[in-house]
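1. Could you work out the structure for the sequence below:
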Amino acid sequence: MLKTALKPRWILALVGALVVATGFVLLSQWQFNRSQTEAPPPVTTTERVVPLTGHLKPATDLMAREADQMVSASGSFLPGTQVLVKNRIEDSRTGYWVVAAFKVDGAPAGNTIPVVRGWQTDDATPAAAPTGTLEITGRLLPTEAPIAEDARGGIFPSLSVAQLINVWDVPSYSGFVVASTVAGADGTDLSAAATGLVQVD
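-> Next up, the predicted model:
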């Protein structure tokens, strides 16, 4: 067995395998470093409102360079999709986010995006989401990881887009929007404060 292992072709094969393995290690290290060192976009970029449909494509991952961006979209809330996300802190108080699916005009395949309409102190049923064509602006954030816990009574432990679209049975962007303004087609203010909720900062 030792004689076979010491044959030149087997030694060359071993050297070749070590070179290939070393190459893969170096490439993986380079890729990891790139993912860790990519700088987030500057504030001057993220605070400028851009159309959601031009900023992020549905069914693609929301990367660091695209997250935290202020975006705008027109569309409408889908009836019957409003849920609560618990353990959300606002002004040092723990409460609930009010979230609903927003169908984005101009998005391919009728894609939606979860929109955080506002915050409330308890798990009481919030007022229904505004109807009709709406214009929203808000901050685009990446999906949260799902938590292995039953979502009872429409109350979820995290804002996981994957979990919500399974419940809503609709296609969706891979992030969510925390709404800062919501306006009706006639310019009526339908933001958090105007609909009995607290604005999420």
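
2. Grab the longest helix from this protein for me.
-> helix 8-37 (DSSP state H).

3. Report the mean confidence score over that helix.
-> Predicted confidence along helix 8-37 averages 70 (mean pLDDT).

4. starting at the chain centroid, how far to that helix?
-> On the basis of C-alpha atoms, centre = their mean, to the nearest Å, helix 8-37 sits 34 Å off its chain's mean C-alpha point.

5. Stretch 69-76 now?
-> For stretch 69-76, the distance to the chain centre is 14 Å (C-alpha atoms, centre = their mean).

6. quick one, strands of this protein?
-> Assigned by DSSP state E, the chain shows strands spanning 50-51, 70-77, 83-90, 93-104, 112-120, 134-142, 155-156, 175-184.

7. Give the other helices and strands that the fifth one contacts.
-> Spelled out, that is strand 112-120. When contacts are defined as 3 or more C-beta pairs under 8 Å, 6 or more residues apart in numbering; DSSP states H and E, strand 112-120 packs onto strand 83-90, strand 93-104, strand 134-142, helix 161-168, strand 175-184. Using the backbone N, CA and C atoms, a C-beta is placed for each residue, glycine as well.

8. ok, now with 6 Å
-> strand 93-104, strand 175-184 (3 or more C-beta pairs under 6 Å, 6 or more residues apart in numbering; DSSP states H and E).

9. quick one: which of those strands is nearest Ala59?
-> Closest to Ala59 of those, according to C-beta to C-beta: strand 175-184, at 11.9 Å.

10. what does the closest one rub up against?
-> The set of residues external to strand 175-184 that reach it, using C-beta atoms under 6 Å, 6 or more residues apart in numbering, is 62, 113-117, 134-143, 159, 190-191, 200.

11. do you know how far Ala67 is from Val177?
-> 11 Å (C-beta to C-beta, to the nearest Å).

12. Pick out whichever of the two has more residues nearby.
-> Val177 (26 against 16; other C-beta atoms under 10 Å).

13. Show the pLDDT at the more buried one.
-> Value for Val177, per-residue pLDDT: 98.

14. re the thing from before, could you dump the strands of the chain to CSV with distance to Val25?
-> As requested, the strands of the chain are exported to CSV (distance: least, C-beta to C-beta, whole Å):
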stretch, distance to Val25
strand 50-51, 39
strand 70-77, 39
strand 83-90, 41
strand 93-104, 43
strand 112-120, 39
strand 134-142, 29
strand 155-156, 40
strand 175-184, 33
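
15. ok, now how distant is the residue most central in space within the chain from Met63?
-> Centroid check for the chain by C-alpha atoms, centre = their mean gives Gly175 as the closest residue, at 1.8 Å. Per C-beta to C-beta, Gly175 is found 10 Å from Met63.
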